[in-house]
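Peer 1: coordinates only, sequence not included:
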């Protein structure tokens, strides 16, 4: 395990040269790309290759090739639904293998190329259109689908009616957050991935949901106090803040003192807060593998600050890869807002409540 972490670190150290050599060789083999995409296309290709290597390094650090496999599957779906040749992705992975063999140590190259080869061997099995993020088997799937349909129809008043109807039927705000807002937003992301909606539509859906979250939260029942302080933040580079907002608001509804910093919070700012305030639990959101390096850096910096602050992580990457939270050095992991209350209580030494406030 330690050697694989070292191999991942070696790829990270040689990241710039690996990206540059792979991009140059890929374009040498495919000169038609210059005509097809121009200078901007080459820059975008180099950025994509940087993501490829970043993900590969993290799959080695975690000793989990599925991290790379899920990333490649996502990339295949993204390209296929935009009518871009998926063969280009396959060819790029092959070039990566050759460049890796020349640039890094033999043991690191062998380990890295095993992960790439597994992705190549299973490439054809990756679905071009992944399944819906709204599980039809859940009790609130119909509500989530109705809500999503209202968003996609650009009908915020109908979306509000769907949520209000759920509220009046006795469904608590935590259930609305977890089983309506969360899966519908993930489905919006999936629809962008498969080119069914635009970035503008995705942003509209997010903005409308955030507005309705405020309306729902304003109607929450009164809460007691647990005299503990929770800070919720997104790791540096992470732009998706809705999840940590749901967590923070649910913590507040259960009596915690809370402080939400939102998206893309610099590491130094979070560490400064931990030094100055008595933060019992720090909740960090990280949705993609590409921000894991920044997350590890943040956790190490919090530890070095000399406080007893407990670190809880969450985000889609940790839901997809159980146990990853331990490998980044966190004290706990929560898959959703409700479980965050229970995990945070345990980390802070509180008696765990039987259920969170609805």
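Peer 2: Everything's here; your move. All values derive from a computational prediction rather than experimental measurement. Numbers count the residues shown, from 1 in each chain.

Peer 1: before we move on, what SS does the residue nearest the centre of the chain have?
Peer 2: Per Cα atoms, centre = their mean, the C-alpha nearest to the average position across the chain is that of residue 287, at 1.1 Å. Here residue 287 takes the coil state, with states given by DSSP: H, G, I helix; E, B strand; the rest coil.

Peer 1: show me what contacts it?
Peer 2: With contacts defined as Cβ atoms under 8 Å, 6 or more residues apart in numbering, residue 287 is in contact with 238, 240, 243, 315-317. Glycine gets a C-beta too; all of them are placed from N, C-alpha and C.

Peer 1: can you pick the most crowded of the residues you listed?
Peer 2: Tallying neighbours with other Cβ atoms under 10 Å puts residue 243 at the head of those, with 27 neighbours.

Peer 1: picking up where we left off before, now, which of the contacts of residue 287 lie within helices?
Peer 2: Within these, residues falling in helices by DSSP state H are 243, 316-317.

Peer 1: coming back round to it: once you drop chain neighbours, what's closest to the residue nearest to the centre of the chain?
Peer 2: residue 315 (4.3 Å; Cβ to Cβ, 6 or more residues apart in numbering).

Peer 1: what does residue 288 give?
Peer 2: Of all residues not flanking residue 288 in the chain, residue 317 sits nearest, at 5.8 Å (Cβ to Cβ, 6+ apart).

Peer 1: cool, residue 65 as well?
Peer 2: residue 115 (4.4 Å).

Peer 1: the one you found sits in which helix or strand?
Peer 2: For residue 115, the element it lies in under DSSP states H and E is helix 106-121.

Peer 1: buried sites along that helix?
Peer 2: 108-109, 111-113, 115-116, 118-119 (16 or more other Cβ atoms under 10 Å).

Peer 1: can you give me the helices for the stretch 201-350 of the chain?
Peer 2: Taking DSSP state H, counting those that start in this stretch, the helices of the stretch 201-350 of the chain run over residues 242-253, 267-276, 292-304, 316-320, 324-327, 337-347.

Peer 1: out of these, which one sits most buried?
Peer 2: Across these, the average number of neighbours (mean count of other Cβ atoms under 10 Å) peaks for helix 242-253, which reaches a mean of 24.

Peer 1: and the contacts of that helix?
Peer 2: By Cβ under 8 Å, 6+ apart, helix 242-253 touches 173-174, 177-178, 181-182, 185, 206, 209-210, 213, 217, 220-221, 223, 230, 232-234, 258-260, 262, 283-285, 287, 314-315, 334, 336-338, 340-341, 344, 356-357.

Peer 1: helix 337-347 and that one, what's the angle between them?
Peer 2: 60 degrees (axes from the mean of the first three to the mean of the last three Cα atoms, to 10 degrees).

Peer 1: quick one: the strands in the stretch 101-250 of the chain?
Peer 2: Along the stretch 101-250 of the chain, the stretches classed as strands by DSSP state E, counting those that start in this stretch are 229-234.

Peer 1: where does it have low pLDDT?
Peer 2: The stretch 101-250 of the chain contains no residues with pLDDT under 70.

Peer 1: phi, psi of the residue nearest to the centre of the chain?
Peer 2: When read as degrees, to the nearest 10, the backbone of residue 287 gives phi -100, psi -20.

Peer 1: how close does it get to residue 203?
Peer 2: Between residue 287 and residue 203 the computed distance is 16 Å (Cβ to Cβ, to the nearest Å).

Peer 1: what does residue 80 give?
Peer 2: For residue 80, the distance to residue 203 equals 24 Å [Cβ to Cβ].

Peer 1: those two: who's more crowded?
Peer 2: Higher neighbour count among residue 80 and residue 203: residue 80, with 18 against 12, using other Cβ under 10 Å.

Peer 1: phi, psi for the more buried one please.
Peer 2: With angles defined as degrees, to the nearest 10, residue 80 sits at phi -60, psi -40.

Peer 1: could you double-check that it sits in contact with residue 86?
Peer 2: Yes. Counting by Cβ atoms under 8 Å, residue 80 touches residue 86, with 5.4 Å between them.

Peer 1: now the end-to-end length of stretch 118-130.
Peer 2: Stretch 118-130 has its terminal residues 20 Å apart, counting by Cα to Cα, to the nearest Å.

Peer 1: quick one: contacts of it?
Peer 2: Contacts for stretch 118-130 (Cβ under 8 Å, 6+ apart): 65, 68-69, 72-73, 76-77, 80-81, 86, 90, 93-94, 190, 193-194.

Peer 1: what's the angle from the helix or strand containing residue 12 to helix 106-121?
Peer 2: Taking DSSP H and E as the criterion, residue 12 maps to helix 2-13. Relative orientation of helix 2-13 versus helix 106-121 (the same axes, to 10 degrees): 80 degrees.

Peer 1: quick one: list the elements packing against helix 2-13.
Peer 2: Counting contacts by 3 or more Cβ pairs under 8 Å, 6 or more residues apart in numbering; DSSP states H and E, helix 2-13 is packed against helix 32-61, helix 106-121.

Peer 1: now those in JSON lines, please, with extra columns for distance to residue 293.
Peer 2: Shown next, in JSON lines, are the helices and strands packed on helix 2-13 (distance: least, Cβ to Cβ, whole Å):
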{"stretch": "helix 32-61", "distance to residue 293": "7"}
{"stretch": "helix 106-121", "distance to residue 293": "16"}
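
Peer 1: I'd like to know which of those helices lies nearest to residue 270.
Peer 2: Residue 270 sits nearest to helix 32-61 of all the helices and strands packed on helix 2-13, at 21.0 Å, using Cβ to Cβ.

Peer 1: that closest one: which residues count as buried?
Peer 2: By neighbour count with 16+ other Cβ under 10 Å, helix 32-61 contains the buried residues 42, 45-46, 48-50, 52-61.
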